[in-house]
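Novice: what follows is a protein structure lacking sequence information:
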């Protein structure tokens, strides 16, 4: 590697993550080739080694980037003192749909990295990214039940209902393509699915 | 291969499929090694070649076995003249949960085979297994809306709500293991999730 290759352009780390994310989103895959990454980002693939150690390190950094945004947003939402539980849940579901539209690979990538990790690393992923979301659901449902707005619903199972319904939609591009001759990743379909999901799930949990 | 290896024990084909299914279910994987298959089934792995051509053929036959059962059951349900749409949908969701408890790998395996197929084969899989389920939802929701029992819900999006919520639960063993120290594949949890899913989704679609 020549000296010129060692320059680290401003924003190169973020740009590598952005490009990796775009490749997985567009290709409906949870892997990248370093040569494609280099080609599309215009950055030397030695920078992957410099910033992330190797490809596995890059994928972990991407997981971290994507989940941090979700965890931070859920956390802020739960603590919004002036919003009621119904408004919070509506907003949360809306955000989950928007997030999976942006990063439809996220659940599959998470499961892949958990699968390939040792016990300690797998638990770290669960503790950092998955458990905080679950605890937010627990808090939100508890708040709604106490306020008489929500029915008593198991937060653990509810977590799977919501994340499953949303994730499945955006990770099912192949189904849409071959069954319905449609591409999932259009803003029109995202908006329809957002409305549908909020409608069904809110009706499912609201007390009457 | 000796002559003895060419004998085809009665039920060997079904037994190979049963064993492949058990390996994928227990291991939370969507692949098998032929040596493990041979070891666990007690059958010579040359029989895979005899019945299925190769491993890809075995996986396709398994897809066929698992989906045929679902498609047949949904079809019978839609045509049950003496049941109302609400009873039919309840029963269907219950069956979907039971099915994914039995074959939690099915959605991931389907997506894998669609991904690895050429355009014609992918369309065949969609037409044979996925579209019939969607058309059943279309018929069932239409029946319910006309009867004034269901709200007007987009059947295409509803398909993703239901299959996503159910599939995600049983394919998320790693989440349950690392977040909740729990195994998904217990009958107790299956029964709780069945009740929860019917509860939320029926409340989500029923007219008031």
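Specialist: Looks like it came in fine. Keep in mind that this is a model prediction, so the values were computed, not measured. Numbers count the residues shown, from 1 in each chain, chains lettered A, B, ... in the order given.
Novice: from here on, just use CA atoms for contacts and neighbour counts.
Specialist: Will do.
Novice: OK, contacts around residue A:48?
Specialist: Residues near residue A:48 by Cα atoms under 8 Å, 6 or more residues apart in numbering or on different chains: A:16, A:54, A:55, A:58.
Novice: meant to ask about residue A:144
Specialist: A:84, A:85, A:86, A:150, A:151.
Novice: how close does the nearest residue to residue A:55 once chain neighbours are set aside get to residue A:182?
Specialist: Closest residue to residue A:55 in three dimensions, ignoring its sequence neighbours and counting by Cα to Cα, 6 or more residues apart in numbering or on different chains: residue A:48, at 7.1 Å. Separation of residue A:48 from residue A:182 (Cα to Cα, to the nearest Å) stands at 35 Å.
Novice: for residue B:201, state which of the contacts of residue A:144 is nearest.
Specialist: residue A:151 (13.4 Å; Cα to Cα).
Novice: circling back to that earlier point, in helices, which of the contacts of residue A:48 appear?
Specialist: Among the contacts of residue A:48, DSSP state H puts A:16, A:55, A:58 in helices.
Novice: list the contacts for the second one?
Specialist: Shown here is residue A:55, whose contacts under the criterion Cα under 8 Å, 6+ apart are A:34, A:48, A:49.
Novice: how close does it get to residue B:158?
Specialist: Look at residue A:55 and residue B:158: by Cα to Cα, they are 37 Å apart.
Novice: kindly report the same for the first one.
Specialist: Per Cα to Cα, residue A:16 is found 37 Å from residue B:158.
Novice: show me which residues of chain A sit near chain B.
Specialist: Within chain A, the residues that sit near chain B (Cα under 8 Å from any Cα of the partner chain) are A:111, A:114-115, A:122-123, A:126-127, A:130-131, A:153-154, A:157, A:160-169, A:174-175, A:178-179, A:193, A:196-197, A:199-205.
Novice: which of these are buried?
Specialist: Buried residues within these, counting neighbours by 16 or more other Cα atoms under 10 Å in any protein chain shown: A:111, A:114, A:122-123, A:126, A:130-131, A:153, A:157, A:160-169, A:174-175, A:178-179, A:193, A:196-197, A:200-205.
Novice: which of the residues you listed fall in helices?
Specialist: Checked against DSSP H, those include these in helices: A:111, A:114, A:122-123, A:131, A:157, A:160-169, A:174-175, A:178-179, A:193, A:196-197, A:200-205.
Novice: in a markdown table, list the ones in helices among the contacts of residue A:48 along with pLDDT.
Specialist: Formatted as a markdown table, the ones in helices among the contacts of residue A:48 follow (pLDDT from 0 to 100):
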| residue | pLDDT |
| --- | --- |
| A:16 | 97 |
| A:55 | 95 |
| A:58 | 97 |
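Novice: name the helix or strand of chain A that has the lowest mean pLDDT.
Specialist: Every helix and strand in chain A was compared by mean pLDDT, DSSP states H and E; the lowest is helix A:173-180, with a mean of 69.
Novice: and chain A, what are its domain boundaries?
Specialist: In terms of domains, chain A is parsed into A:1-53, A:62-205 (source: automatic domain parsing).
Novice: where does pLDDT dip in chain A?
Specialist: Applying pLDDT under 70 to chain A flags the ranges A:1-6, A:171-172, A:174-176, A:179-180, A:184.
Novice: got the contact list for the residue nearest in space to the middle of chain A?
Specialist: Centroid-nearest residue in chain A: residue A:106, 4.6 Å away (criterion: Cα atoms, centre = their mean). Counting by Cα under 8 Å, 6+ apart, residue A:106 touches A:63, A:66, A:100.
Novice: now do stretch A:62-74: distance to the chain's middle.
Specialist: Distance, stretch centre to chain centre, for stretch A:62-74: 7 Å (Cα atoms, centre = their mean, to the nearest Å).
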